[in-house]
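1. fold the following.
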Amino acid sequence: MVVVSAGTSDIPVAEEALVTAEVMGNEVTHLYDVGVAGIHRLLLNKNILGAARVIIVCAGMEGALPSVVGGLVRVPVIAVPTSVGYGASFDGLAALLGMLNSCASNVSVVNIDNGFGAGYVASMINRL
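-> Numbers count the residues shown, from 1 in each chain. Below you'll find the model as predicted:
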């Protein structure tokens, strides 16, 4: 399992997902600060993403990263919108709506800042 955060401000939610998954017995790798503003950092880790059975992606702002990850991999991606961001982020609502409108068919979305829920459902998927 891999937990990804777009920016450093998304790390607290990503950590909640990571700790939840670890407590449930999963081996978890994390990739932090690999958002679309620095997409090269994500692409440098394509092998790690490709080896995962399920991926959790935490992102604020416009919530674009889960769709990008979903387009790169062939496994379930659980998108977690975060309430961080500036401008018209509306406390995570912009990210939530962006993630719900993802055109990547392997992306599913949990509620804003719900790292626990993402870690829990990822653990269930990982056990299949």
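
2. could you find the closest non-adjacent residue to Asn27?
-> To be clear, residue 27 is Glu; Asn isn't right here. Met1 (7.0 Å; C-beta to C-beta, 6 or more residues apart in numbering). All C-beta spots, glycine's among them, are computed from the backbone N, C-alpha and C.

3. what about the one you found, neighbour count?
-> 24 (other C-beta atoms under 10 Å).

4. also Leu43?
-> 12.

5. same thing with His40?
-> 7.

6. does it sit in a helix, a strand or a coil?
-> helix (DSSP: H, G, I helix; E, B strand; the rest coil).

7. quick one, strands of this structure?
-> For the chain, the strands defined by DSSP state E occupy 2-5, 29-32, 55-59, 77-81, 107-109.

8. what are the pairing partners of the fourth one, and which direction each?
-> Think strand 77-81. Strand 77-81 has its sheet partners listed here by DSSP bridges as strand 55-59 (parallel), strand 107-109 (parallel).
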